[in-house]
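Engineer: just need the structure, nothing else, for what follows:
(2 chains)
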Amino acid sequence: MIELRKEFFADERDDDLAVIGRPVQRPDMAGHVTGRSPFYDDHRFEGMLHLVCVRSPHHRARIRAVDAGPAERMPGVVRILSARDVPHNYNTLLSLLDFGRDDEPTLAEEEVRYRGEPVLAVIADSERIAREAAAAVRVNYEPLPPVLEVEAALRPGAPVVNPTYPGNCFEYHGRYDHQKLRFGDVERALREAEVVVEGRYLMSPIEHAPVEPAGALAVPEGRDRYACYTSTQALFFSLGTAAKILEVASNRLHFVGGTVGGGFGGKVDTLHEPLAILGCMLTGRPVRYRFNRVEEMQVGPPRGAEIWHITDGVMRDGRIVARRFAGYFDAGAYTRLTSYAVIKCVGHLPGPYTIPNVHADVYCVFTNRTPASAMRGFGITGVDFAIESHMDRVAEEIGMDPVELRILNAYRDGDMKAHRRPAANCALIECCRVAAEKAGWPIAEAYARMSSREGGGGERATVPPTVTDERGRIGERRPAEPPAAARAPARPPPPVAAAPPSPPPTPPRREPPPPPPPVAGPPKPRASSPRRFSSIFGIRRR
Amino acid sequence: MTWHRGRGFAAINYPIGMNLGGDPSQALVHSNPDGKFTVALSSVDLGQGMKSVTRQIAAETLGVPVEDVQVDTADSDTGPHCMGSFASRGTHRVGNAVIAAAREARAVMLEAAAEELEVDPADLVTDGRGNIQVRGAPARSITTAAACAAAQFRQGRTVAGRGIFLLPLSDVDPETGEMSPVSCYAHGAVVAEVRVDDETGEVRLVKLTSAYEVGRALNPRLVEQQLYGGAWMGVSHALWETTEPYYPDRGRYPTCFVSYPMPGPGDRVEHDIAVLERPAPDGPYGAKGIGEMCANPVLPAIANAVYDAVGVRVTDLPITAEKVLRGLREQGGARPRRRPS
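Structural biologist: Sure thing, here's the model as predicted:
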């Protein structure tokens, strides 16, 4: 049941529109409720093959040898793909935005870095045969000690999770192992505060739990083009990622989405499209690759864990004068999108409040667990849980009503935010007032009269003299050279179009995605015609 | 055993669209000879209502009935580039691209009508019911269908438009974090009421009461759907879900919906929602994205309510009965904090 509270901000709105604001029935409703809306997996093609991955049972291990012979000999198995079959095996998702280094293999090479990491891809006549064949592949692993805690990952001497980032942290601006936020002088303000309140908060990983598990189906589309029916949330992002990994011109790919059975951020990572298309290219037949529920739960990216430490400096009248954060995003074994979430989070701090002194160090930490990725509220949900739990602790500590504490400290039009942009179009106070009123939560008249449009700006609009520091330079916390015990595996042979290995990723210099490449030339023999020897693991093609 | 009641509050804001910008979306709009319009997008409808909301935006901007607009999504051969459906960006980014494309198409349609009516296009208005009229003289009119037919068969014009929306990419200062994250923010505040069993630690949600500020409710039913469903996802996150119940211990984990508990339809509770609209200056008709923000305040509101009920502050999500019970044992039983209401 919703109630439109039109009396708020009425003077900023034109409510006299023809279609906007009307409860028009959604055109896809009938299809949804009668089960007729087309999902990617509703397409069926003659001769369709099924792809299933052989996955690591270890959090971290070296791959000594792979014997796919028994699997290959099983009737119905058509082809087994390894890292050698993938033209540009290493990728990082945000490379399309020129952010970060390629750090994740499509299929593992010398080492596996999380339980469930794909090592080989078995293509067979049926999904069942593919699963049975995948189970028949023998991989000889040498288990290595994993890193499963963010604090442990940051200690000197910790094993290297991801050799692209030997410090076990994403590297920001080529300078620091974290992203900083510095506004004012937090240490001084904490010393001068009447009350200091500290807290630690943890958000465990969770699953997107879409009704439709993620997947893709690739089909030859004549003249060396490939159609890909996909559950992706981001059609061109997935197309660009597949084109990069497969080293094909983007216009040789035709991506078709449609209705998606729930995404919530979990269908951005493009784990299925490249392998399905590669399978299609190498067999000449339609190939479907989809997660089953176990894979969706444990191999598909979760919302990663976050750990937050918050220290507030507060005056007894309720004003929060300092807020300090240390935040750790558990990215799992590879970057995916967590590096981005950290910056998004830093831009969000200290929450919707005007606090004159704010300090944050936020880390994207690699551990040997399932790579985390985007999920509803990405970069914000975890810290909002921490901030709003902490606000109640502050309220109790100084004996103030929690709603009034929030209204008092709420950001207002004209205030300077910690990321140094003026606040505008604010409405936190009004939301607090209305929610309290509806719930029968009494607040003092003075607070019930406050407005986001009044009382901001002035002194609150200034950027205070700010204390900066150079703590946390890359390699400072952990040596740049991984300790011998960690024995970082050799990097895979540099892919053809890889960025040079050394330039640091610098978010400020991110560029929009590159323009589509020119019209496809003749197909590259490597990607489109089967090769005789397909694997460093000694897999023989049939 | 005693059930203790408690309630908790939380408030949030939420950035709309990809952080730092640099995330364009495009739209193409064109008419067939009968004045029926197609909006071509590569954007994906995840069930959130992308097709529906862009259809309304196009109809409003074109000045035609909503029935005269169809939206085609998610085909890279026919739809122009879009970054994707995430970061609460669909309505804001794609909606703005659709407005730009629809404005361009509308201008051609009005030029075609003006030529047929032998008037200045600037003197024409649409009535939203399929007619184009001379301002102040509604008798001098032509249907949008006739204008589009004339454009294509007599005048040789394409009634079509292109649109893109892009916030330029922002820098980030390595030393201070100075940046331009996004251009607008949605807001929300929630009161959660719970009951907590001091014998088992079980937490039952009783009711949610909320106020969400959405910029503009383009379609109140879609807003309701998003807020209700999104807040419920927040409830599930707060009280039920995790793939690693003993994080960072990786030893125990769920693999299906039996071992990964989530609330079912029978666990739903009343959610009384107020919607406020402070239009975003750069939002399509003022709209902000509401997909993500509706879940966020629910988590801390429930944590605060549990504390209010029994005095146990659970700082690790999810707030399971086990954690509440351990907290109760540690402090020697329930210590209700409830303020008199």
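Engineer: quick one: the helices in the chain, in order.
Structural biologist: Defaulting to chain A. Taking DSSP state H as the criterion, chain A contains helices spanning A:29-33, A:69-72, A:127-136, A:150-154, A:186-192, A:235-246, A:273-283, A:293-298, A:338-348, A:381-398, A:402-409, A:428-439, A:445-448, A:525-528.
Engineer: the chain in question should be chain B.
Structural biologist: Listed in chain order, the helices of chain B (DSSP H) span B:50-62, B:95-117, B:144-150, B:220-239, B:298-310, B:321-330.
Engineer: give me every residue that touches the residue nearest to B:Pro181 when sequence neighbours are not counted.
Structural biologist: In space, and not counting its chain neighbours, B:Pro181 is closest to A:Gly347: 3.3 Å by C-beta to C-beta, 6 or more residues apart in numbering or on different chains. In this view, the C-beta of every residue, glycine as well, is placed from N, C-alpha and C. Neighbouring residues of A:Gly347 by C-beta atoms under 8 Å, 6 or more residues apart in numbering or on different chains: A:419, B:15, B:19-20, B:177, B:179, B:181-182.
Engineer: as JSON lines, the helices of chain A with mean pLDDT would be great.
Structural biologist: Below are the helices of chain A laid out as JSON lines (pLDDT from 0 to 100):
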{"stretch": "helix A:29-33", "mean pLDDT": "92"}
{"stretch": "helix A:69-72", "mean pLDDT": "97"}
{"stretch": "helix A:127-136", "mean pLDDT": "98"}
{"stretch": "helix A:150-154", "mean pLDDT": "95"}
{"stretch": "helix A:186-192", "mean pLDDT": "98"}
{"stretch": "helix A:235-246", "mean pLDDT": "98"}
{"stretch": "helix A:273-283", "mean pLDDT": "98"}
{"stretch": "helix A:293-298", "mean pLDDT": "95"}
{"stretch": "helix A:338-348", "mean pLDDT": "98"}
{"stretch": "helix A:381-398", "mean pLDDT": "98"}
{"stretch": "helix A:402-409", "mean pLDDT": "98"}
{"stretch": "helix A:428-439", "mean pLDDT": "98"}
{"stretch": "helix A:445-448", "mean pLDDT": "98"}
{"stretch": "helix A:525-528", "mean pLDDT": "35"}
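Engineer: would you list these in CSV and tack on distance to B:Leu239?
Structural biologist: CSV is the format used below for the helices of chain A (distance: least, C-beta to C-beta, whole Å):
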stretch, distance to B:Leu239
helix A:29-33, 28
helix A:69-72, 43
helix A:127-136, 35
helix A:150-154, 25
helix A:186-192, 34
helix A:235-246, 33
helix A:273-283, 35
helix A:293-298, 19
helix A:338-348, 24
helix A:381-398, 13
helix A:402-409, 20
helix A:428-439, 19
helix A:445-448, 30
helix A:525-528, 48
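Engineer: quick one on the thing from earlier: how about the helices of chain B, which one is nearest B:Asp272?
Structural biologist: Nearest of those to B:Asp272, taken as C-beta to C-beta: helix B:220-239 at 10.6 Å.
Engineer: do that closest one and chain A meet at all?
Structural biologist: Yes: using C-beta under 8 Å from any C-beta of the partner chain, helix B:220-239 reaches chain A at B:220-224, B:227, B:230, B:233, B:237.
Engineer: quick check, nearest of those to B:Ala107?
Structural biologist: Nearest to B:Ala107 among the residues of helix B:220-239 next to chain A, counting by C-beta to C-beta, is B:Leu222 at 28.5 Å.
Engineer: give me every residue that touches that closest one.
Structural biologist: Going by C-beta under 8 Å, 6+ apart, the list of residues near B:Leu222 reads A:26, B:48-49, B:52-53.
Engineer: tell me which of the residues you listed has the lowest pLDDT.
Structural biologist: Comparing pLDDT over those, the lowest score belongs to B:Gln48 (89).
Engineer: give the contact list for the spatially closest residue to it that is not a sequence neighbour.
Structural biologist: Distances taken as C-beta to C-beta, 6+ apart place B:Gly291 nearest to B:Gln48, at 5.7 Å, with adjacent residues excluded. Neighbour list for B:Gly291: A:376, B:48, B:88, B:90, B:226, B:230 [criterion: C-beta under 8 Å, 6+ apart].
Engineer: ok, so of those, who is nearest A:Ala227?
Structural biologist: Nearest member of these to A:Ala227, counting by C-beta to C-beta, is B:Gly90, at 24.2 Å.
Engineer: measure A:Asp15 to A:Gly21 for me?
Structural biologist: 7 Å (C-beta to C-beta, to the nearest Å).
Engineer: swap in A:Leu120?
Structural biologist: From A:Leu120 to A:Gly21 the distance is 54 Å (C-beta to C-beta).
Engineer: same question, A:Asp361
Structural biologist: Distance from A:Asp361 to A:Gly21, by C-beta to C-beta: 44 Å.
Engineer: that older thread, neighbour count: A:Asp15 and A:Gly21, which is higher?
Structural biologist: A:Gly21 (21 against 11; other C-beta atoms under 10 Å in any protein chain shown).
Engineer: wait, what's in contact with that one?
Structural biologist: A:15, B:216-220.
Engineer: give me that answer again for 7 Å
Structural biologist: A:15, B:217-218 (C-beta atoms under 7 Å, 6 or more residues apart in numbering or on different chains).
Engineer: out of those residues, which one sits closest to B:Val275?
Structural biologist: B:Ala217 (5.6 Å).
Engineer: separation between that closest one and B:Gln152?
Structural biologist: B:Ala217 is 36 Å from B:Gln152, by C-beta to C-beta.
Engineer: who has more neighbours, the two?
Structural biologist: Counted by other C-beta under 10 Å, B:Ala217 and B:Gln152 do not tie: B:Ala217 has more neighbours, with 26 against 18.
Engineer: show me the shaky parts of the chain.
Structural biologist: Since no chain was named, I'll use chain A. Counting by pLDDT under 70, chain A has low-confidence residues at A:479-542.
Engineer: let me rephrase: I mean chain B.
Structural biologist: Using pLDDT under 70, the flagged stretches of chain B are B:339-341.
Engineer: surely A:Gly351 is in contact with A:Ile387?
Structural biologist: Yes: A:Gly351 is within contact range of A:Ile387, at 4.2 Å (criterion: C-beta atoms under 7 Å).
Engineer: tell me, how many residues neighbour the residue nearest to B:Glu111 when sequence neighbours are not counted?
Structural biologist: Sequence neighbours aside, B:Pro121 is the residue nearest to B:Glu111 in space, at 5.0 Å (criterion: C-beta to C-beta, 6+ apart). B:Pro121 is flanked by 16 other residues according to other C-beta under 10 Å.
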